[in-house]
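Peer 1: Build me a model:
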Amino acid sequence: RQVLVRHDEGAKTGKGGKGGPAQPSSRVYVGNLSFDVTWQNLKDHFAACGTVVRADVMKGYGIVEFETQEMASEAIETMNDGEFFGR
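Peer 2: All right, here's what the predicted structure looks like:
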C-alpha cells in the first residue's frame with residue numbers, strides 16, 4: 001500500500017481564529033506505515049526532502065518534523081502516495 005503524507009493538523013503554528021489564520025507547521029503526518037518501520041527508517045527516508053529534526057513512529061503512522069515549513073511541504077509533494085518499507 002501507499003503511504004499518506006500530509007501536514008500534521010495537530011501542530012499548526014500561529015493563533016488562528018481572531019489572531020489570524022493558522023500556518024502549516026514544519027511537521028508532517030505519515031499514515032499507513034508498516035508496523036516494522038522504526039523512527040530511524042522514517043528519518044532516513046524523509047531526509048531526501050530536507051533536514052529532519054525529529055521522527056516518531058507509532059503503530060501504523062508517524063510524525064516527521066523538518067527544519068522549515070518549506071521542507072515539510074516538499075515532503076508532502078514528493079512522498080505522498082509513495083511506496084515505503086514494502087507498503
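Peer 1: C-alpha only now, for contacts and for neighbours.
Peer 2: Noted.
Peer 1: residue contacts, the residue nearest the centre of the chain?
Peer 2: In the chain, the residue lying closest to the centroid (CA atoms, centre = their mean) is V28, at 2.4 Å. Going by CA atoms under 8 Å, 6 or more residues apart in numbering, V28 touches 5-8, 63-65, 72, 76.
Peer 1: Does anything pack onto the lowest-mean-pLDDT helix or strand in the chain? Which helices or strands?
Peer 2: The weakest-scoring helix or strand in the chain, judged by mean pLDDT, DSSP states H and E, is strand 4-7 (a mean of 87). Other elements packing on strand 4-7 under the criterion 3 or more CA pairs under 8 Å, 6 or more residues apart in numbering; DSSP states H and E are strand 27-31, helix 69-79.
Peer 1: Enumerate residues external to that strand that contact any of its residues.
Peer 2: For strand 4-7, contacts defined as CA under 8 Å, 6+ apart pick out 24-32, 72-73, 75-76, 79-82.
Peer 1: so how many other residues sit close to G86?
Peer 2: When neighbours are defined as other CA atoms under 10 Å, G86 has 10 of them.
Peer 1: roughly how far apart are it and V64?
Peer 2: In this view, G86 and V64 are 19 Å apart by CA to CA, to the nearest Å.
Peer 1: M58 too?
Peer 2: Distance, M58 to V64, using CA to CA: 12 Å.
Peer 1: In terms of neighbours, single out the busier of the two.
Peer 2: The neighbour count for M58 versus V64, taken as other CA under 10 Å, is higher for V64 (25 against 13).
Peer 1: Quickly find the element holding that one.
Peer 2: If you go by DSSP states H and E, V64 is part of strand 61-66.
Peer 1: Please save the CA atoms from that strand in CSV.
Peer 2: This file holds the C-alpha atoms of strand 61-66, laid out as CSV (Å, rounded to 0.1, in the frame of the first residue of the first chain):
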residue,chain,number,x,y,z
TYR,A,61,1.7,6.1,11.5
GLY,A,62,4.5,8.5,12.2
ILE,A,63,5.3,12.2,12.6
VAL,A,64,8.3,13.8,10.9
GLU,A,65,9.4,17.3,11.9
PHE,A,66,11.5,19.3,9.5
